[in-house]
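Trainee: sequence unknown, structure follows:
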């Protein structure tokens, strides 16, 4: 089954907080969420700006970030 292309990439790029250089999923939210959840992680959009820049996408980091 062929996957549909993300229809909102341009708008998603405007709002995407991911700062990981060269991320091939930037602006492709479905791919990003799938990638991170398969690794037991959360995507950049779940974190504060400061926590996102650590590139630690773990649930532990999310809890720490949300506890501040």
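Mentor: Nice, thanks for sending it over. All of these numbers come straight from a predicted model, not from anything done at the bench.
Trainee: Could you use CA atoms for every contact and neighbour count after this?
Mentor: Fine.
Trainee: wait, what's in contact with the residue nearest the centre of the chain?
Mentor: The chain has residue 43 as the residue nearest its centroid, 2.7 Å off, counting by C-alpha atoms, centre = their mean. Contacts for residue 43 (C-alpha atoms under 8 Å, 6 or more residues apart in numbering) come out as 32-33, 36, 57.
Trainee: Quick check on these: which are buried?
Mentor: Buried members of the contacts of residue 43, scored by 16 or more other C-alpha atoms under 10 Å, are 32-33, 57.
Trainee: Could you list which of those belong to helices?
Mentor: Using DSSP state H, the members of those that fall in helices are 32-33.
Trainee: mind listing what's buried in the helix or strand of the chain with the lowest mean pLDDT?
Mentor: Ranked by mean pLDDT, DSSP states H and E, the weakest helix or strand in the chain is helix 9-15, scoring a mean of 92. Across helix 9-15, burial judged by 16+ other C-alpha under 10 Å covers residue 9.
Trainee: Many thanks, I have nothing further to ask.
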